[in-house]
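1. Following is a predicted model, sequence given first.
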There are 2 protein chains.
Amino acid sequence: MSTTNTNSAELYRSYQSSMRRIADIRYSAAVLQWDQETYLPSKGAAFRGQQLATLTEIAHQEFTSDALGVLLQELSSRADLDAEQQRNVALTLEDYNRNKKFSSAFVRQLTEVVNRSFHSWMEARKANSFSLFAGDLAELVKLKKEEAEILGYERHCYDAMLNDHDKGASVQLLDKVFDTIRQPLQSLLAQVQSRPQVNNSFLQQHFPKDKQWDFGMQLIREMGYDLEAGRQDLSEHPFTTNFNCRDVRVTTRIDVNDLGNMVWSCIHEAGHALYEQGLPEPQYGLPLGEPASYTIHESQSRLWENHVGRSLAWCQHYLPVLQQYFPEQLQSLDAMTFYKGINQVTPSLIRTEADELTYHFHVMIRYELEKALMENSITTADIPSYWNESYLRYMNVKVPDDRQGCLQDVHWSHGSFGYFPTYSLGSFYAAQLFAIAEKNIPGLEHQIQKGQMDSLLSWLREQVHRYGRMYTSEDLCKKVTGETLNISYFLQYLQRKYGSIYA
Amino acid sequence: MSTTNTNSAELYRSYQSSMRRIADIRYSAAVLQWDQETYLPSKGAAFRGQQLATLTEIAHQEFTSDALGVLLQELSSRADLDAEQQRNVALTLEDYNRNKKFSSAFVRQLTEVVNRSFHSWMEARKANSFSLFAGDLAELVKLKKEEAEILGYERHCYDAMLNDHDKGASVQLLDKVFDTIRQPLQSLLAQVQSRPQVNNSFLQQHFPKDKQWDFGMQLIREMGYDLEAGRQDLSEHPFTTNFNCRDVRVTTRIDVNDLGNMVWSCIHEAGHALYEQGLPEPQYGLPLGEPASYTIHESQSRLWENHVGRSLAWCQHYLPVLQQYFPEQLQSLDAMTFYKGINQVTPSLIRTEADELTYHFHVMIRYELEKALMENSITTADIPSYWNESYLRYMNVKVPDDRQGCLQDVHWSHGSFGYFPTYSLGSFYAAQLFAIAEKNIPGLEHQIQKGQMDSLLSWLREQVHRYGRMYTSEDLCKKVTGETLNISYFLQYLQRKYGSIYA
């Protein structure tokens, strides 16, 4: 097909069908990954790795084909596309140009080092010794710096990585955000610690697996998660994945001695899943069928997990339900005690188990560490001491060993740098979005008290989900809330919450 | 790479890596299909269909690439490959030439008609009316005849389809086989029917799902099925699939009111799976890493299902085990009564539920019908009357409706013609192989009585599994048993078995 003589509608259809084909390959790989985390027999792992590598390579080849480049160039010069089509083309061209910058040799090298790093991270965790990981990680960091140079950046090489997870994110922005929030969080923590601790021991009892599973299923169904367009399974680490907006899957993990583990991971992952189920089906394979950013994705999971799932209203509705599932364990509990317990603030070692306040110290530590690595002000060998000093300084927590310290997260072993900050930004956006939702949805708290989540879900669908990548995180925030990211929403939320809990 | 100047080892490696890449894509599609049959949420079906079509198309494109053709041509002229390498290249070239005969347009048309046919078959089943399926099926039959013309054949256009499922199979061979066996089977059936019927009502009691599941898992594990290189799940129709020899999966179905449904489907599918797990791992992606034929595949499942799983020795071992799982239901049963019951012979409507004797009438009816369709001596509109008359003639069974008649099998809706005969041939090969196994393995019956299956599995691994497609069905049979297919083994087996059961 000669592109210049073809009308725009036809060209666009051709673009769309190329993109859908690539999406088919990528989502097929996602099915293989889902299977790997849930049901793969152990001896099948090696071949599965090969099969995944092949699909990834094919998707990369197709997405960097010259024909697609020509098509995108031509389409981006067409003025007769509608706004959504133009946005799709512009974003695809951006993604395309980004991918074209990497030689196959570089991609292969990165893949190999990532594979090696993941294994040495696992070994290092097993041996509880970061030094077994430091060498491969150093190579990976070197490659990520090369990647940053290839991608280009304006001020800081770390910007290239931040930008990859949330367009527009930068060291400048994050320094500002964390500088603003560090001191207020520290003083809030000090205030909380000056008060008597709340009790959450009711969570650490024996809760049978089957009943936990059933409650979790009820919970996510009642959030509006469509189980005909998704399913829940068990996996070692809870995650959400999607193969299209009609097949969005979540996993959870059940600890029979800790109810909290399952409950809030179910809500968190279902929050992610509701976003994916709300993406527009006709945009399958195109940017507008994808989530806006990692940050906005995280804002959805945290909005549900924290603003809904850790609210007093939620406790008032779900404690009686939980008491039906677990009469012996929970019968004497009242909603306020439950609410206080599930919101206990304690400086701790493990990020994924942290409360809403100290969580951000975990993120800041990782952010500062990544930045220092990228700036060459530390090397990978310095990580354990840097890590342990930071935990002491930020939270007065003594790290006993690497497994509970700098080996706890999988991210670096995957080559993910610049990911952690999206967790904090996601929380801050969640607070801002939820504050507006409370204004816009009359009686929202009362609805949550009655277990009615549909107005909130409809509002999120309308305001956030249906747009896909139409807007950046920042523009979406402005569109929905009338202003860009304003962390005072988050701070006020925390102050109000812990003010009531810790008096 | 210029092929002519490259040494054979290097060329062979290049061939091998192309084939492995294609296998990666095909097996990825198989993972998606497995997921579709087991865990796919209903609303995800449409996109899944697209994703599968894309992977299939890519695999087809890569397998028919000119570069691969040049490589295969060159390699097949090299004398310095070893016998296995030569066989791999020869078979691949054959498969390649076969695939090259089909234009993309033809492949697309066939895929479309198959999709349409499958849906209309489902609709027709729902409405219990074959006429809703006849039109699409007629189109499909027309395309299959075209396919036969494209592929070419020596005598009968149906040969092209038979050959596709088992190289060397032909109308001539099957006519001969069925002509030889028809009369003896009919007279055996008449003899059986002249005797008092055996009782199998003990199978139709309430058997709780969980306990059935647990027994099935024990059963397949004790056959030697490696659950670290496979897994069992539930699906509507039991099947075996594999993504490599280290990840071979089976499914079963549980009817709480019929123990037999689960037990012998587990053994049958595990029989298939043991074959796949026994294929040589280094041959992944190459013909020698694939099963010899559909027929030999079926010989393995039937050897285990019938010669092992329906033997008196098996009953002597497993009835006590079953009695532990189901004390109330089975406590008063003895091994001989159990053995007789599970081998009850009754002419029936449904192929998949038929006994070892009448099963082959079901196959003959389908074989004759397919042949008649291919010869144009009937049209698809004639199928119901042809079907019903055949059931009356062969087994004196009156077919009450299409659902229990000519709509019962999925095969035709998938465009599978020439498949059914492999079920009979598989049974005949199984009898021949098992007769030799009994000669070669001292005390085999006694081992089965003790639940020891490892000698038999080792023997099958050694004699059959490890060869992949090294030999055709016929050559493999000759190699293992000293002669080509000899159906007197099967007849003698049946006569002995039913002689003892029906006295």
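-> Yep, it's here.

2. residue contacts, A:Leu219?
-> Contact analysis of A:Leu219 by C-beta atoms under 8 Å, 6 or more residues apart in numbering or on different chains lists A:Val263, A:Cys266, A:Ile267, A:Ala270, A:Tyr318. For the C-beta atoms, the positions are set from N, CA and C on the backbone; glycine is no exception.

3. list the contacts for A:Met122?
-> A:Ser413.

4. Of all the residues in stretch A:217-230, which ones are buried?
-> Using 16 or more other C-beta atoms under 10 Å in any protein chain shown as the test for burial, stretch A:217-230 gives A:Met217, A:Leu219, A:Ile220, A:Glu222, A:Met223, A:Gly224, A:Tyr225, A:Asp226, A:Ala229, A:Gly230.

5. CA atoms only for that stretch - export them in PDB, please.
-> C-alpha atoms of stretch A:217-230 as PDB (Å, rounded to 0.1, in the frame of the first residue of the first chain):
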ATOM      1  CA  MET A 217     -14.100 -13.300  46.500                       C
ATOM      2  CA  GLN A 218     -17.200 -11.600  48.000                       C
ATOM      3  CA  LEU A 219     -15.200  -8.500  48.700                       C
ATOM      4  CA  ILE A 220     -13.900  -8.000  45.200                       C
ATOM      5  CA  ARG A 221     -17.300  -8.900  43.600                       C
ATOM      6  CA  GLU A 222     -18.900  -6.200  45.800                       C
ATOM      7  CA  MET A 223     -16.400  -3.700  44.700                       C
ATOM      8  CA  GLY A 224     -17.800  -4.200  41.200                       C
ATOM      9  CA  TYR A 225     -15.000  -6.400  39.800                       C
ATOM     10  CA  ASP A 226     -16.600  -8.400  37.000                       C
ATOM     11  CA  LEU A 227     -15.800 -12.000  37.500                       C
ATOM     12  CA  GLU A 228     -17.100 -12.900  34.100                       C
ATOM     13  CA  ALA A 229     -14.300 -10.700  32.700                       C
ATOM     14  CA  GLY A 230     -11.700 -11.800  35.200                       C
END
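
6. how distant is stretch A:381-391 from the center of its chain?
-> How far stretch A:381-391 lies from its chain's middle: 25 Å, per C-alpha atoms, centre = their mean, to the nearest Å.

7. Please spell out which residues along the helix or strand hosting A:Leu52 are buried.
-> Secondary-structure element containing A:Leu52, defined by DSSP states H and E: helix A:45-63. Neighbour-count burial for helix A:45-63 flags A:47-48, A:50-60, A:62-63 (criterion: 16+ other C-beta under 10 Å).

8. ok, which of those residues also contact chain B?
-> Taking C-beta under 8 Å from any C-beta of the partner chain as the test, chain B is in contact with A:Phe47, A:Arg48, A:Gln50, A:Gln51, A:Ala53, A:Thr54, A:Leu55, A:Ile58 out of the buried residues of helix A:45-63.

9. Distance to B:Gln495 and pLDDT added to those, as JSON lines?
-> Below are these laid out as JSON lines (distance: C-beta to C-beta, whole Å; pLDDT from 0 to 100):
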{"residue": "A:Phe47", "distance to B:Gln495": "45", "pLDDT": "93"}
{"residue": "A:Arg48", "distance to B:Gln495": "48", "pLDDT": "92"}
{"residue": "A:Gln50", "distance to B:Gln495": "50", "pLDDT": "90"}
{"residue": "A:Gln51", "distance to B:Gln495": "48", "pLDDT": "94"}
{"residue": "A:Ala53", "distance to B:Gln495": "55", "pLDDT": "90"}
{"residue": "A:Thr54", "distance to B:Gln495": "52", "pLDDT": "93"}
{"residue": "A:Leu55", "distance to B:Gln495": "53", "pLDDT": "95"}
{"residue": "A:Ile58", "distance to B:Gln495": "55", "pLDDT": "94"}
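
10. contacting residues around A:Phe361?
-> For A:Phe361, the contacting residues are A:Leu185, A:Pro347, A:Tyr394, A:Met395, by C-beta under 8 Å, 6+ apart.

11. Show the pLDDT at the nearest residue to the second one once chain neighbours are set aside.
-> Put plainly, it is A:Pro347. The shortest distance from A:Pro347 to any non-neighbouring residue, by C-beta to C-beta, 6 or more residues apart in numbering or on different chains, is to A:Met395 (3.5 Å). On pLDDT, A:Met395 comes in at 96.

12. now do A:Gly49
-> Looking at A:Gly49, its pLDDT reads 89.

13. Which residues are in contact with the nearest residue to A:Gln85 once chain neighbours are set aside?
-> Ranked by C-beta to C-beta, 6+ apart and with sequence neighbours excluded, the top spatial neighbour of A:Gln85 is A:Tyr12, at 5.8 Å. For A:Tyr12, the contact set (C-beta under 8 Å, 6+ apart) comprises A:Leu75, A:Leu81, A:Gln85, A:Val89.

14. Now do the third one: how many residues are near it, please.
-> Just to be clear, that refers to A:Gln85. 19 (other C-beta atoms under 10 Å in any protein chain shown).

15. separation between it and chain B?
-> Distance, A:Gln85 to chain B, by C-beta to the nearest C-beta, to the nearest Å: 21 Å.

16. swap in A:Glu438?
-> 32 Å.

17. element containing that residue, please.
-> Secondary structure assigned from DSSP H and E places A:Glu438 in helix A:420-440.

18. Tell me the helices and strands packed up against that helix.
-> Helix A:420-440 sits against helix A:157-165, helix A:171-193, helix A:294-302, helix A:359-374, helix A:444-449, helix A:454-463, helix A:473-481, helix A:488-502, with contacts defined as 3 or more C-beta pairs under 8 Å, 6 or more residues apart in numbering or on different chains; DSSP states H and E.

19. winner for burial among those helices?
-> Among the helices and strands packed on helix A:420-440, helix A:294-302 has the highest mean neighbour count (mean count of other C-beta atoms under 10 Å in any protein chain shown), at a mean of 26.

20. which strands and helices sit next to it?
-> Helices and strands touching helix A:294-302, by 3+ C-beta pairs under 8 Å, 6+ apart, are helix A:259-277, helix A:420-440, helix A:473-481.

21. and stretch A:392-401, how far out from the chain's middle?
-> Remark: stretch A:392-401 is offset 25 Å from the chain centroid, using C-alpha atoms, centre = their mean.

22. Using CSV, list the CA coordinates for that stretch.
-> What follows is stretch A:392-401, C-alpha atoms only, in CSV (Å, rounded to 0.1, in the frame of the first residue of the first chain):
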residue,chain,number,x,y,z
LEU,A,392,17.9,4.1,61.1
ARG,A,393,17.7,7.7,60.1
TYR,A,394,14.2,7.8,58.8
MET,A,395,12.4,5.4,61.1
ASN,A,396,14.9,4.5,63.8
VAL,A,397,14.6,0.9,62.5
LYS,A,398,17.6,-1.4,62.8
VAL,A,399,17.8,-3.7,59.8
PRO,A,400,18.9,-7.2,61.0
ASP,A,401,19.9,-8.7,57.7
